[in-house]
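Participant: show me how the following folds:
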Amino acid sequence: MAVRPPISQLDAHLGYWLRYVSNHVSHAFALRLERSGVTVAEWVLLRELYDVDALPPSRIADRLGMTRGAVTKLADRLIVKALVAREADAHDRRAQTLALTKKGEKLVPDLALLADKNDVEFFGHLTHEERAGLEQLLRALVERCGVQKIPVS
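Facilitator: Numbers count the residues shown, from 1 in each chain. You can find the predicted model right below:
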């Protein structure tokens, strides 16, 4: 039998621990949202629309780092759920915009509370300084690595 060179353990990598925590945080949040009939990706689009009157799908795609096709598919699902409406753009009838319906406007704050509860569940034990330090490190990594896309799954 050939001698194998020693290699690092999986848990010797920071990426392992980031993914481990991220998977658990994301899974718990997905379960919370599922009870409301919304996926994480749908939540991201709903939240993006919450602070604006309406946006064209192309702008949403650019802002979220998603493809236009992915935004269209999400919008189609949310339209069926009566949470988003697709309308002709007021300035260019050929273009379309997406906006929250009244039902969508009412749901987003409830979903935001679920996000807040999920954060508290996983990070509530951290001191203010620990949380701020962790966020600062993660934001620095995002910037340094040039990450542009918002994770939606």
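Participant: helix or strand for Met66, which one?
Facilitator: Using DSSP states H and E, Met66 is not contained in any helix or strand.
Participant: I'd like the distance between it and Val142.
Facilitator: Note on Met66: its distance to Val142, by CB to CB, to the nearest Å, is 17 Å. Where C-beta positions appear, they are placed from N, C-alpha and C, glycine not excepted.
Participant: higher neighbour count, the two?
Facilitator: Met66 (22 against 11; other CB atoms under 10 Å).
Participant: verify the stated contact: that one with Lys149.
Facilitator: Yes: with contacts counted by CB atoms under 8 Å, Met66 reaches Lys149, the gap being 7.1 Å.
Participant: mind saving the C-alpha coords of the helix or strand hosting Arg139 as CSV?
Facilitator: Using DSSP H and E, Arg139 maps to helix 128-145. Taking Å, rounded to 0.1, in the frame of the first residue of the first chain, the C-alpha atoms of helix 128-145 are listed here in CSV:
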residue,chain,number,x,y,z
HIS,A,128,-22.8,43.6,20.6
GLU,A,129,-19.0,43.8,20.1
GLU,A,130,-18.7,40.1,18.9
ARG,A,131,-21.6,40.6,16.5
ALA,A,132,-20.2,43.9,15.1
GLY,A,133,-16.8,42.3,14.8
LEU,A,134,-18.2,39.2,12.9
GLU,A,135,-20.2,41.4,10.6
GLN,A,136,-17.2,43.6,9.9
LEU,A,137,-15.1,40.6,9.1
LEU,A,138,-17.7,39.1,6.8
ARG,A,139,-18.3,42.4,5.0
ALA,A,140,-14.5,42.7,4.5
LEU,A,141,-14.4,39.3,3.0
VAL,A,142,-17.3,40.1,0.7
GLU,A,143,-15.5,43.2,-0.5
ARG,A,144,-12.1,41.6,-0.8
CYS,A,145,-13.4,38.7,-2.8
